[in-house]
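S.K.: From the sequence below, what's the structure:
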Amino acid sequence: MAHPNPLPETSPLFGLYICFPDPGPLERIGSDWDWIWIDGQHGQIGYADILALVRMCDLIRRPALVRVASHEYGEIGRALDTGAAGLIVPCVDTPEQAAQVVFAAKFPPVGGRSFGSARIGARQGRTYVGRANEEVKLFVQIETPLAITHVERIASVPGVDGLFFGPDDLTLRRGITVDAPRTIAMLGPDMEAVASACRRHGKKAATASSNPELAAYAARSGYHLIAAGSEVGFLAAGSAKASADIRATTAPK
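M.R.: Numbers count the residues shown, from 1 in each chain. Here you go, the predicted structure:
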């Protein structure tokens, strides 16, 4: 049996970024999006939450990509054993680090991932291991100037399926404040460096942008995955608008 919710090959795919550990918001709005980014690096999400959120992604038939908190071998293996369609690994700055991540995320002979039945094996049978290296995608995050310097070599590492451009950490390390407006002039060259490396080495490019101009630029540049917003952001924006609307409607004339 193939993976129940693999990443489609069509581009671009627009994703929902999940910060809360509660699967309720994902159940309600997840099907509006093409793929789901479950963030186990920042925020409140732990292992049990990741498992519950991946199960919810299966229920709504959307591929789940889990971002782990580190390059640690055991953490990467546990995240993959939930049955996620892919993995996002932060702060990969060098080809050596990329190779270390591949070792943890891919089964032999590509890597050294430990085999265990876990959830995915219980659903698909023990032979899932023969398909996992191809079906389950590994994205490494390019989010520092050092990573941009090494982007071609990182993209060339066997077992890396894609590069995920991270604009926030990169701009911080370039001395730009997090509240500065994000523009094509600011991010375009780095985004193109990632996209070009992916094209040359046959890898997928991914990024996050709730900025329509940058999202459109990413799509034109060939980015496969674009995370367009989070449940936290949509909740805040919807609440703020509803509050403003009701106050304007009921204000004395």
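S.K.: Rounded mean pLDDT for stretch 154-168, please.
M.R.: Computed over stretch 154-168, the mean pLDDT rounds to 97.
S.K.: now that stretch, how far from the centre of its chain.
M.R.: 11 Å (C-alpha atoms, centre = their mean, to the nearest Å).
S.K.: And it, end to end?
M.R.: Terminal residues of stretch 154-168 are spaced 20 Å apart (C-alpha to C-alpha, to the nearest Å).
S.K.: Buried ones in it, by neighbour count?
M.R.: Judged by neighbour count using 16 or more other C-beta atoms under 10 Å, the buried positions of stretch 154-168 are I154, A155, V157, G159, V160, D161, G162, L163, F164, F165, G166, P167. Yep, even glycine has a C-beta here, placed from its N, CA and C like the rest.
S.K.: Now the two most distant members of those residues.
M.R.: G159 and P167 (24.9 Å; C-beta to C-beta).
S.K.: Give me the nearest residue to F20, chain neighbours excluded.
M.R.: Of all residues not flanking F20 in the chain, E231 sits nearest, at 6.1 Å (C-beta to C-beta, 6 or more residues apart in numbering).
S.K.: My error: substitute Y17 in the last question.
M.R.: Per C-beta to C-beta, 6+ apart, closest to Y17 is S230, 4.0 Å.
S.K.: and what of V101?
M.R.: V89 (4.9 Å).
S.K.: Pull the number of nearby residues for the one you found.
M.R.: Counted with other C-beta atoms under 10 Å, residues neighbouring V89 total 28.
S.K.: Can you list the low-confidence ranges for the protein?
M.R.: Low-confidence segments of the chain (pLDDT under 70): 1, 117.
S.K.: which residues in it form helices?
M.R.: Along the chain, counting by DSSP state H, helices occupy 23-29, 47-60, 73-81, 95-105, 118-124, 129-135, 145-149, 151-155, 167-173, 184-201, 212-220, 231-250.
S.K.: mind putting these in TSV, distance to I38 included?
M.R.: Putting the helices of the chain into TSV (distance: least, C-beta to C-beta, whole Å) gives the following:
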stretch	distance to I38
helix 23-29	9
helix 47-60	5
helix 73-81	9
helix 95-105	16
helix 118-124	14
helix 129-135	18
helix 145-149	22
helix 151-155	23
helix 167-173	18
helix 184-201	22
helix 212-220	20
helix 231-250	11
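S.K.: Please name whichever of those helices is nearest to P6.
M.R.: Nearest of the helices of the chain (C-beta to C-beta): helix 129-135, 5.6 Å.
S.K.: could you dump that closest one to PDB, C-alpha only?
M.R.: Taking C-alpha atoms only, helix 129-135 is exported to PDB below (Å, rounded to 0.1, in the frame of the first residue of the first chain):
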ATOM      1  CA  VAL A 129      10.300   0.500   4.300                       C
ATOM      2  CA  GLY A 130      10.900  -0.300   0.700                       C
ATOM      3  CA  ARG A 131       8.900   2.800  -0.500                       C
ATOM      4  CA  ALA A 132       9.600   5.200   2.300                       C
ATOM      5  CA  ASN A 133      12.800   6.800   1.000                       C
ATOM      6  CA  GLU A 134      11.000   7.800  -2.200                       C
ATOM      7  CA  GLU A 135       7.500   8.600  -0.900                       C
END
